[in-house]
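Asks: the following block contains a protein sequence and its predicted model.
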Amino acid sequence: MKLSKLASEIAESPTFALNEEARLLRERGEAVINLGIGEPKNRTPISAVLASGAKLTSGDIKYAPPDGLPAMKKAVIRYTEENYDRLVAPENVIITNGAKQSLFNIFYSILNPQDEVIVIAPYWVSYSEMIKMCLGIPVVVTPEDGTFIPRFEDITRAVTSSTRAIIVNSPNNPSGVIYPDALVSKIVEFCEQKSIFMICDDIYHKLTFDHQVARPAYSFTRNDVDLSHIIVVNGVAKLYGMTGFRIGWVVAPRQLVKVMTNVIAQTTSCVSPLAQAAAEGALNGLQSIVESLRLQIQNNRDVVLQEMKTFNGARLIEPQGTFYILPDLRAYSTNSVEISKFLLKKAMVVTVPGKEFGMEGHIRISFAGSVKDITEGIARIKWAFDPTSPNEIYIGDKKMIRDWL
């Protein structure tokens, strides 16, 4: 069978592959703990349920405008004003099938073949693959000082005449770090000077800890949305725990939004009006749901930090946001793929290899789930690697003995 070379070269999503393997193990009765997926366990906000229910009951579920329903765009405009202190027009907003489609359509709309995008490691696994799917070249900038925060000089050194954008994800998936205001400010100024897009993946922007704030890029420019080079991506998946609704949005210069609208019109036609109604309900409903989720996640983060303190050989930079940690396990192995495979086989714990995020020797652990899963999962990981941990452990109802250290 002859297939597209471009499509054949796209890597499989490691997160979904591991989740599927975990599902199959569970079906066989294995006591698998999934610390790989970034999905809050909260219930869908009642305001979203009621809004989508009302839409469904109306029976009027037809095509929507390619750029989104006016009511949904109005909710995003208000959200942008309240959270970004920026007034935008409907022409600056486009609703998408999740923030993932937002990013892909941005790359598709701004890149010509061999154009470059600066990607800061650690980075979300799909950035590089999406850029390559759009015939662009991801140029990875990796911090060399053992932190997860790049130097501005290293970013600018990677810029060439082919650079079209710099993508910034803060709070960062997978590390949980928040980039300093000074760094974000410099990137904004640099992008505006060089006419380079700054793509801000803000999907975790409110999930921060200990009163820390991820200040939006708009805070560092006086230009309005149409004159700035800032593109903001957001959605309801993480802040509202609505991962299955697949609603994201982009706030950008209207010229870009117009092109992205054509892309959606010729591909998916539109975004489900039922899902848009749910997202509109979440954005217009009581926002205490976001703070409640944030507090729950912060409590989980504190549990993770407490559990990791006794893990000899694991180096951890404390996360300031999101619901991930990216511990350095190079004291045990420099091959993160083998680490994750070993943990799934021996400890029945799903993690994601750091290699997928541009950080070999690390693994990503999600603490979006229950405290029970977090504590038991990390106990199993310590049992598998830390020789000072007990030699025996129960995994489900099976007594396991460590015989490889």
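Replies: Yep, it's here. No experiment lies behind these values; they were computed from the predicted model shown.
Asks: just give the nearest non-adjacent residue to Ala279, would you?
Replies: Ile247 (3.9 Å; CB to CB, 6 or more residues apart in numbering). (C-beta placed from N, C-alpha, C; glycine too.)
Asks: just Cys134 next, same as before
Replies: Spatial nearest neighbour of Cys134, excluding adjacent residues (CB to CB, 6+ apart): Phe107 at 4.3 Å.
Asks: tell me the spacing between that neighbour and Ser126.
Replies: Noted for Phe107: a distance of 10 Å to Ser126, by CB to CB, to the nearest Å.
Asks: neighbour count winner among the two?
Replies: Set side by side, Phe107 and Ser126 show unequal neighbour counts under other CB atoms under 10 Å, the larger going to Phe107 at 24 against 17.
Asks: that one and Ser4: what is the separation?
Replies: For Phe107, the distance to Ser4 under the criterion CB to CB works out to 18 Å.
Asks: list the contacts of the residue nearest to Cys134.
Replies: For Phe107, the set of contacting residues under the criterion of CB atoms under 8 Å, 6 or more residues apart in numbering consists of Val117, Met130, Ile131, Met133, Cys134, Gly136, Ala165.
Asks: can you redo these as TSV with pLDDT and neighbour count?
Replies: Rendered in TSV, the data for the contacts of Phe107 read as follows (pLDDT from 0 to 100; neighbours: other CB atoms under 10 Å):
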residue	pLDDT	neighbour count
Val117	98	28
Met130	97	24
Ile131	98	25
Met133	96	17
Cys134	97	20
Gly136	98	23
Ala165	98	23
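Asks: going along the chain, name the strands of the stretch 301-405 of the chain.
Replies: Under the criterion DSSP state E, counting those that start in this stretch, the stretch 301-405 of the chain carries strands at the ranges 324-325, 349-350, 352-353, 363-366, 392-395, 398-401.
Asks: how about those strands, which one is nearest Val184?
Replies: strand 324-325 (20.0 Å; CB to CB).
Asks: re the thing from before, among the contacts of Phe107, which two are most distant?
Replies: Of all the pairs that the contacts of Phe107 form, the one spanning the most space (CB to CB) is Met133 and Ala165, at 15.0 Å.
Asks: out of the contacts of Phe107, list just those in strands.
Replies: Using DSSP state E to define strands, the subset of these located there is Val117, Ala165.
Asks: which one of the contacts of Phe107 is nearest Ala279?
Replies: Within these, distances to Ala279 taken as CB to CB reach their minimum at Met130, with 22.2 Å.
Asks: what count of nearby residues applies to the residue lying closest to the closest one once chain neighbours are set aside?
Replies: Of all residues not flanking Met130 in the chain, Phe104 sits nearest, at 5.0 Å (CB to CB, 6+ apart). Using other CB under 10 Å, Phe104 is surrounded by 21 other residues.
Asks: next: Lys309.
Replies: Using other CB under 10 Å as the criterion, the residues surrounding Lys309 number 9.
Asks: and it, its phi and psi?
Replies: Lys309 has phi and psi values of phi -60, psi -30 when expressed as degrees, to the nearest 10.
Asks: rewinding a little: okay if I get the strands of the stretch 301-405 of the chain as CSV plus mean pLDDT, distance to Asn312 and mean neighbour count?
Replies: Formatted as CSV, the strands of the stretch 301-405 of the chain follow (pLDDT from 0 to 100; distance: least, CB to CB, whole Å; neighbours: other CB atoms under 10 Å):
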stretch, mean pLDDT, distance to Asn312, mean neighbour count
strand 324-325, 98, 16, 25
strand 349-350, 95, 18, 26
strand 352-353, 95, 22, 26
strand 363-366, 97, 16, 27
strand 392-395, 94, 16, 14
strand 398-401, 93, 20, 11
